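Enquirer: dropping the sequence and predicted coords here.
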Amino acid sequence: MGYSKIRCFLFGAIIIMLFVSIKTQAQNLENGKKIYQTKCLVCHQSDGGGVPNMNAPLDGASNVIGNDIARLVKIIKNGFNERVELDGLYYSNSMTANPDLTPAQISDVLSYIRTSWSNKATKVTTVQVQQAIKGNQKTSAK
Amino acid sequence: MKKGIYLLLLSISIHFLAKAQDNAGLTLPTGFKANLFAENIGSARHIAISKNGVVFAKLNRADKQGRTIIRLADENKDGVSDNITGWANYGGTGIYLTGNALYASSNEAVFKYELDSKDEVVNPLSPITVVSGLISRRQHESKSITFDKTNNIYVNIGAYSNACQEKDRTPGGKGMMPCPILDSAGGIWKFDASKENQTYGDGKRYATGLRNVIGLDWNPQANKLYVAQHGRDQLNTFFPSLYTDAQNAELPAETFYEINEGDNAGWPYVYYDNFQHKKIVSPEYGGDGKKEGASDIKNPAVAFPAHMAPMGVLFYTGNQFPAKYKNGAFITFHGSWNRAPLPQEGFFVAFVPFKNGKATGEWEIFANGFAGTVDGAKITSTRNAKARPCGLAQGPDGSIYVSDDTKGSIFKISYQK
């Protein structure tokens, strides 16, 4: 009897933890969407499509759904003003820096971008962003 | 019976298919017709047409065969190009034909080619460099060109900045005083087209304070240059305490100027507000949305809704269209992006009536429907526009041609009495 009670408790706890984690994730994505709408949408557009020749697309862009999280964090933090090819095309506008975004906010907005529209990449954790910022600082110090 | 039904269905579907392709999907004034002169030729920016009706299109990027100037001939004269060739390997926007000289621009230079009596290029691999070394720093890099009647070439050199902030596109960032960009960009430069290998020192700054001009043309009746400016972006993004999203969607106006030598259109210090009908000091230079700028700054001849991006200007000199169009200006609008989160606008060709060489101040939509939405639905993300009007040129029969730089359609618009 006691054994099954414990089992029941453990099972319940796992369910609750799962539920909480799903809910937190949903909140993170919701928060990421809000950040996207205020900071990113005007240039990258509501569907992440960007603007041909001017503002790079995020939807389906190889760099955005790729594994180089440090580069994405750097672009969000510092902005972007280089002539760099993205999937065979070039984009001419400079991107505004976002020095005020916290690691948690950056992970939220990156997670939103990487899982929205046609994007099905992994979410980004706050720890990953913190590590990326540290790494980027080291590289720029060299 | 069954056969009859199939035939009926077939005729209905043919009817709808034909209907869908009426006027290449465009909405036009009564009596006008449109068809696709070409499709899928690449990122067709400006176009030029020879007296024999051969169309030359400048591509922004090389096509699959590595070409950036495309020659389109309609040899069987059915209104659709049937002989398409090309050459050159540099992307760019400008192209202009005068006599048998074809001028084309990269984002740094202007080159000259010679055409033979059949409009075939004589020197595709060895053009004459007319101008080179022009500033190209990503933003507003295209170099549009036009000519006056005495063989001078006018080149737009766009400002590599939104509003000349110390750090471009920064919230609340101050504008540089004076704006150092204006000595070599943000204006129109004039060069002698008969000279070779020119750069800044050989030409002169003909007009300044123009953030980015892509559409420009010589008004032959007034004997003056006319240019259409792309107004600055993101008033709300960088100055949210002064401008709402809705205000930014309508400010500043896109402006069309008659240019005299030495004119100053005011960028980056002021922008044109089409509601107050005033030149307003930019927030980067201490403006608050109301404070007026210096009085010696040029007023636009016509002001258009914000962010629609004028791409091509053509003064109509043909005899095919009804009399009201003669000596007036057509302007292509690429369609906006900076009206977001509000729906985008533009994606059409406008007509600007002129009387005795002067704009009346009115304008109207001439050709619409390039975006290809159903029942006139709004575009919310710019990439969803199927076609974006860019180049404009007049054919020898008085038809006009409009290029699209998304997939590379060329629309031919004609009038039939």
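Expert: Structure's in. What do you need?

Enquirer: chain center to stretch B:405-417, what's the gap?
Expert: Computed by Cα atoms, centre = their mean, to the nearest Å, the chain-centroid distance of stretch B:405-417 equals 15 Å.

Enquirer: mean confidence for it?
Expert: Taken as a whole, stretch B:405-417 carries a mean pLDDT of 95.

Enquirer: gap between the two ends of it?
Expert: 31 Å (Cα to Cα, to the nearest Å).

Enquirer: same check on stretch B:284-298?
Expert: Using Cα to Cα, one end of stretch B:284-298 lies 20 Å from the other.

Enquirer: list the contacts of that stretch.
Expert: Under the criterion Cβ atoms under 8 Å, 6 or more residues apart in numbering or on different chains, residues B:163-165, B:173-175, B:177, B:209, B:238, B:242-243, B:247, B:257, B:259, B:263-266, B:268-270, B:276, B:278-281, B:283 lie in contact with stretch B:284-298. For the C-beta atoms, the positions are set from N, CA and C on the backbone; glycine is no exception.

Enquirer: surely residue B:271 is in a strand?
Expert: Yes - applying DSSP: H, G, I helix; E, B strand; the rest coil, one finds residue B:271 inside a strand.

Enquirer: that one - nearest residue in space that isn't next to it in sequence?
Expert: Counting by Cβ to Cβ, 6 or more residues apart in numbering or on different chains, residue B:252 is the residue found nearest to residue B:271 once chain neighbours are left out, at 3.6 Å.

Enquirer: please report phi then psi for that neighbour.
Expert: Dihedral pair for residue B:252: phi -80, psi 180, per degrees, to the nearest 10.

Enquirer: do the same with the one 5 residues further on
Expert: When quoted as degrees, to the nearest 10, the phi and psi of residue B:257 stand at phi -120, psi 140.

Enquirer: could you give the bridge partners of it?
Expert: residue B:227 (DSSP bridges).

Enquirer: look at it and report its pLDDT.
Expert: Residue B:257 carries a pLDDT score of 98 in this model.

Enquirer: how near is it to chain A?
Expert: Distance, residue B:257 to chain A, using Cβ to the nearest Cβ, to the nearest Å: 23 Å.

Enquirer: how about residue B:199?
Expert: For residue B:199, the distance to chain A equals 22 Å [Cβ to the nearest Cβ].

Enquirer: what's the closest non-adjacent residue to that residue?
Expert: In this structure, residue B:199 finds its nearest non-sequential neighbour in residue B:133, 4.1 Å apart by Cβ to Cβ, 6+ apart.

Enquirer: you'd agree the one you found is up against residue B:108?
Expert: Yes - Residue B:133 is within contact range of residue B:108, at 6.7 Å (criterion: Cβ atoms under 8 Å).

Enquirer: more neighbours: which of those two?
Expert: Neighbours around residue B:133 and residue B:108, counted as other Cβ atoms under 10 Å in any protein chain shown, are more numerous at residue B:108. The numbers are 17 against 14.

Enquirer: follow-up on the earlier one: overlap in contacts, residue B:133 and residue B:108.
Expert: Joint contacts of residue B:133 and residue B:108 (Cβ under 8 Å, 6+ apart) do not exist.

Enquirer: mind checking which of the contacts of stretch B:284-298 are in helices?
Expert: Among the contacts of stretch B:284-298, the members found in helices (DSSP state H) are B:238, B:247.

Enquirer: quick one: contacts for residue B:398?
Expert: So residue B:398 contacts B:318, B:319, B:320, B:321, B:414, B:415 (Cβ under 8 Å, 6+ apart).

Enquirer: nope, residue B:185 is what I was after
Expert: By Cβ under 8 Å, 6+ apart, residue B:185 lies in contact with B:135, B:140, B:157, B:158, B:159, B:160.

Enquirer: where's the fourth one relative to chain A, distance?
Expert: As for residue B:158, its distance to chain A is 10 Å (criterion: Cβ to the nearest Cβ).

Enquirer: can you give me the pLDDT of that residue?
Expert: pLDDT, residue B:158: 98.

Enquirer: got it, and residue A:142?
Expert: Note on residue A:142: pLDDT of 49.

Enquirer: now residue B:66
Expert: So, for residue B:66, pLDDT stands at 97.

Enquirer: what do you get for residue A:83?
Expert: Listed pLDDT for residue A:83 reads 87.

Enquirer: which one is residue B:196 nearest to, not counting chain neighbours?
Expert: residue B:128 (5.5 Å).

Enquirer: and the one you found, what are its bridge partners?
Expert: Under the criterion used (DSSP bridges), residue B:128 bridges to residue B:112.

Enquirer: kindly report the residues of the stretch 251-400 of chain B close to chain A.
Expert: Counting by Cβ under 8 Å from any Cβ of the partner chain, the residues of the stretch 251-400 of chain B close to chain A are B:337, B:338, B:340, B:341, B:380, B:381, B:382, B:383, B:384, B:388.

Enquirer: rewinding a little: among the contacts of residue B:398, which one has the most neighbours?
Expert: Greatest neighbour count in the contacts of residue B:398, by other Cβ under 10 Å, goes to residue B:321: 23 neighbours.

Enquirer: against residue B:331, how distant is the residue nearest to residue B:271?
Expert: As for residue B:252, its distance to residue B:331 is 17 Å (criterion: Cβ to Cβ, to the nearest Å).

Enquirer: can you tell me how far the residue nearest to residue B:271 sits from chain A?
Expert: Noted for residue B:252: a distance of 16 Å to chain A, by Cβ to the nearest Cβ.

Enquirer: contacts only, for that residue.
Expert: B:231, B:232, B:235, B:271, B:272, B:273, B:274, B:280, B:306.

Enquirer: touching chain B at all, the helix or strand of chain A with the lowest mean pLDDT?
Expert: Sorted by mean pLDDT, DSSP states H and E, the helices and strands of chain A end with helix A:2-35, the least confident at a mean of 80. No - on the criterion Cβ under 8 Å from any Cβ, helix A:2-35 is out of touch with chain B, staying 12.6 Å away.

Enquirer: mind listing what's buried along that helix?
Expert: Neighbour counts over helix A:2-35 (16 or more other Cβ atoms under 10 Å in any protein chain shown) mark A:28, A:29, A:31, A:32, A:33, A:35 as buried.

Enquirer: geometric centre of the chain: which residue is closest?
Expert: Since no chain was named, I'll use chain A. residue A:110 (0.9 Å; Cα atoms, centre = their mean).

Enquirer: I was after chain B.
Expert: residue B:311 (1.5 Å).

Enquirer: isn't that one up against residue B:391?
Expert: Yes - the pair residue B:311 and residue B:391 passes the contact test of Cβ under 8 Å, sitting 7.2 Å apart.

Enquirer: what do the two both touch?
Expert: By Cβ under 8 Å, 6+ apart, the residues touching both residue B:311 and residue B:391 are B:45, B:332.

Enquirer: alpha carbons of stretch B:300-316, as PDB, please.
Expert: Output of stretch B:300-316 as PDB, limited to C-alpha atoms (Å, rounded to 0.1, in the frame of the first residue of the first chain):
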ATOM      1  CA  PRO B 300       8.500  69.000 -53.200                       C
ATOM      2  CA  ALA B 301       6.500  69.300 -56.500                       C
ATOM      3  CA  VAL B 302       4.400  66.400 -55.300                       C
ATOM      4  CA  ALA B 303       4.200  64.500 -52.000                       C
ATOM      5  CA  PHE B 304       3.100  60.800 -51.800                       C
ATOM      6  CA  PRO B 305       2.200  58.600 -48.800                       C
ATOM      7  CA  ALA B 306       5.200  57.400 -46.700                       C
ATOM      8  CA  HIS B 307       7.500  54.500 -47.400                       C
ATOM      9  CA  MET B 308       6.000  53.400 -50.700                       C
ATOM     10  CA  ALA B 309       9.500  53.600 -52.400                       C
ATOM     11  CA  PRO B 310       9.500  55.400 -55.800                       C
ATOM     12  CA  MET B 311      11.700  53.400 -58.100                       C
ATOM     13  CA  GLY B 312      11.300  54.800 -61.600                       C
ATOM     14  CA  VAL B 313      10.200  58.100 -63.200                       C
ATOM     15  CA  LEU B 314       9.100  58.500 -66.900                       C
ATOM     16  CA  PHE B 315       8.000  61.700 -68.600                       C
ATOM     17  CA  TYR B 316       5.500  60.500 -71.200                       C
END
